[in-house]
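> this is a predicted model, with the sequence first.
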Amino acid sequence: MPHVVFLRAANVGGKNVFRPAQLAIALAHLDAVNVGAAGTFLVRGKAPAATIRSEILARLPFEAEMSVRPVREVLDLVRSRPFARVKLSKDLRGWVAVLAGPPRARPELPLSMPAGKPWSVRFDRVEGAFALGVWRRSTSGFVFPSKVVEDSLGVRATTRWWETIERVARLIEG
């Protein structure tokens, strides 16, 4: 079954640096495609998630955390059009956090950070293995959606902008 791989905290702030395009080449036997610089890969081969995970870990120069999700979950998410009622722009961006496991807490949502106005991250909902919300450009500093999700749900997560998720879906659909 094809999968989508989301590395956590890769190529961020000069830490966990690697070359995603080179990793995709090394994973050619799995028919892997690199999507951007943050460690997102579409693996079109029929390998199980555990095999994909071990193949990637064996080739990275650091200890990586990752979520490996079946492509159907990503396609279902995109087809649900979760941001259909939001006018996204460079100042208001949709984000998706891929959860590393089931949430340990269930906070009342939506949740905005910093609390009150002007908020920078709004955490709207959890759909299966994904947390979703919007990020708004703010003069009060950058708030990382992953931190809001992890603190709220008590589970590790890795975040991608909505346009990256849409790009993955286009690659899946060919």
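Good, I have the coordinates.
> and residue 13, what's its pLDDT?
Note on residue 13: pLDDT of 75.
> from residue 160, how far out is it?
Distance, residue 13 to residue 160, using CB to CB, to the nearest Å: 17 Å. Just so you know, the C-beta spots here come from the backbone N, C-alpha and C atoms, and that holds for glycine as well.
> so if I had to pick from these two, which one is more boxed in?
Neighbours were counted for residue 13 and for residue 160 using other CB atoms under 10 Å; residue 160 has more, 24 against 7.
> what's opposite that one in the beta bridge?
residue 96 (DSSP bridges).
> surely it touches residue 96?
Yes. Under the criterion of CB atoms under 8 Å, residue 160 makes contact with residue 96 at 5.6 Å.
> got the contact list for residue 41?
4-5, 20, 23-24, 27, 32-35, 56 (CB atoms under 8 Å, 6 or more residues apart in numbering).
> need these in a markdown table with secondary structure, can you?
Formatted as a markdown table, the contacts of residue 41 follow (DSSP: H, G, I helix; E, B strand; the rest coil):
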| residue | secondary structure |
| --- | --- |
| 4 | strand |
| 5 | strand |
| 20 | helix |
| 23 | helix |
| 24 | helix |
| 27 | coil |
| 32 | strand |
| 33 | strand |
| 34 | strand |
| 35 | coil |
| 56 | helix |
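> may I ask which of the residues you listed comes out lowest in pLDDT?
residue 20 (92).
> distance-wise, check it relative to residue 131.
With CB to CB as the criterion, residue 20 and residue 131 are 23 Å apart.
> once you drop chain neighbours, what's closest to residue 158?
residue 8 (3.8 Å; CB to CB, 6 or more residues apart in numbering).
> and residue 27, by the same measure?
residue 55 is the one closest to residue 27 (CB to CB, 6+ apart), at 6.2 Å.
> which residues touch the one you found?
27, 30, 47 are the contacts of residue 55 under CB under 8 Å, 6+ apart.
> domain parsing for this protein?
3-74, 82-162 (automatic domain parsing).
> now the strands for the chain?
3-8, 32-34, 40-43, 65-70, 92-99, 111-113, 121-127, 130-136, 157-161 (DSSP state E).
> residue 76: which of those strands is closest?
strand 121-127 (8.7 Å; CB to CB).
> show me what counts as buried in that closest one.
121-124, 126 (16 or more other CB atoms under 10 Å).
> this completes my enquiry, with thanks.
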